[in-house]
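> Using only what follows, build the 3D model:
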Amino acid sequence: MQPLIDNARTFGQRPEEFAKLAEGQSPQVLFITCSDSRVVPALITGARPGELFELRTAGNIVPPYVSASPTGEAATIEYAVEVLGVSDIVVCGHSHCGAVGALVRGDDLTAVPAVRDWLAHAADEPEPSDPSDHGDPTVSSAVQNHVLAQLLRLRSYPCVEQRMAKNGLRLRGWYYEVHTGAVREHRAATDTFEAL
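Take a look at the predicted model:
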């Protein structure tokens, strides 16, 4: 913890670098990804403060839209789309995802009921495209299928659906390999994840 504290102390000693941020934010992208500490959106994209609006959830799950009981996730998505006017939403899954791995393996999560109940929000149980993926610690094909399911879930949000109908919003599915740093994007034409 001490190195993090030391950096935080010196971070605020450069106020001139951050003064413009007080005027507001205008990010172009809502970046939805996992809470996993190995996934750092600004590091992956090279974004500076104010360039990404982030939503991080266990397993990068986008919960169902239910207007009668709004969630923090729904509020973040709506704010990004309606108020900030982002032009793109990226859903970024990652290799070695504990959440997706637990779903694929059917892990017993009774000891962590909040995690178990949250993972029940996954659109579908992520299935690997390749049966040999069940023993693969990267769970790559299952994660990629999970990303696509979350993109479909996003389309059910009224604000997303309306902005997409006006061609004012693009949805993108990314897959990040934590062990190599490689990023792949889903290409609809080939239905595969390919290098950016």
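> mind listing what's buried in the helix or strand bottoming out on mean pLDDT in the chain?
Sorting the helices and strands of the chain by mean pLDDT, DSSP states H and E puts helix 2-11 at the bottom, at a mean of 81. By neighbour count with 16 or more other Cβ atoms under 10 Å, helix 2-11 contains no buried residues. The C-beta positions use only the backbone N, C-alpha and C, and glycine is treated the same way.
> bridging residues for the residue nearest to the spatial centre of the chain?
Centroid-nearest residue in the chain: residue 33, 1.9 Å away (criterion: Cα atoms, centre = their mean). When assigned by DSSP bridges, residue 33 has beta-bridge partners residue 56, residue 92.
> From residue 11, how far off is it?
For residue 33, the distance to residue 11 equals 23 Å [Cβ to Cβ, to the nearest Å].
> report the longest helix in this protein, please.
Using DSSP state H to define each element, the chain has its longest helix at helix 140-155.
> and that one, what does it pack onto?
In terms of contacts (3 or more Cβ pairs under 8 Å, 6 or more residues apart in numbering; DSSP states H and E), helix 140-155 is packed against strand 88-94, helix 98-105, helix 158-165, strand 170-176, strand 183-187.
> Most tightly packed of those?
strand 88-94 (a mean of 24; mean count of other Cβ atoms under 10 Å).
> The residue nearest to the centre of the chain is in contact with residue 89, isn't it?
No. Assessed by Cβ atoms under 8 Å, residue 33 is found out of contact with residue 89, at 11.3 Å.
> Now stretch 47-59: buried residues?
By neighbour count on 16+ other Cβ under 10 Å, the buried set for stretch 47-59 is 47, 51, 52, 53, 55, 56, 57, 58, 59.
> Between the two ends of that stretch, how far is it?
The straight-line separation of the ends of stretch 47-59 (Cα to Cα, to the nearest Å) is 22 Å.
> ditto for stretch 61-81
Stretch 61-81 has an end-to-end distance of 18 Å (criterion: Cα to Cα).
> and if you look at stretch 66-82?
17 Å.
> Need the residues that contact it.
Applying Cβ atoms under 8 Å, 6 or more residues apart in numbering, the external contacts of stretch 66-82 come out as 27, 30, 32, 53, 55, 57, 62-63, 65, 86, 89, 154, 157, 159-160, 163, 169.
> Just the buried residues of it, please?
Buried residues in stretch 66-82 (16+ other Cβ under 10 Å): 73, 74, 76, 77, 78, 80, 81.
> Could I get the average pLDDT for it?
Averaged across stretch 66-82, the pLDDT comes to 94.
> now, among the buried residues of stretch 47-59, which is nearest to residue 38?
Comparing the buried residues of stretch 47-59 against residue 38 with Cβ to Cβ places residue 56 closest, at 12.2 Å.
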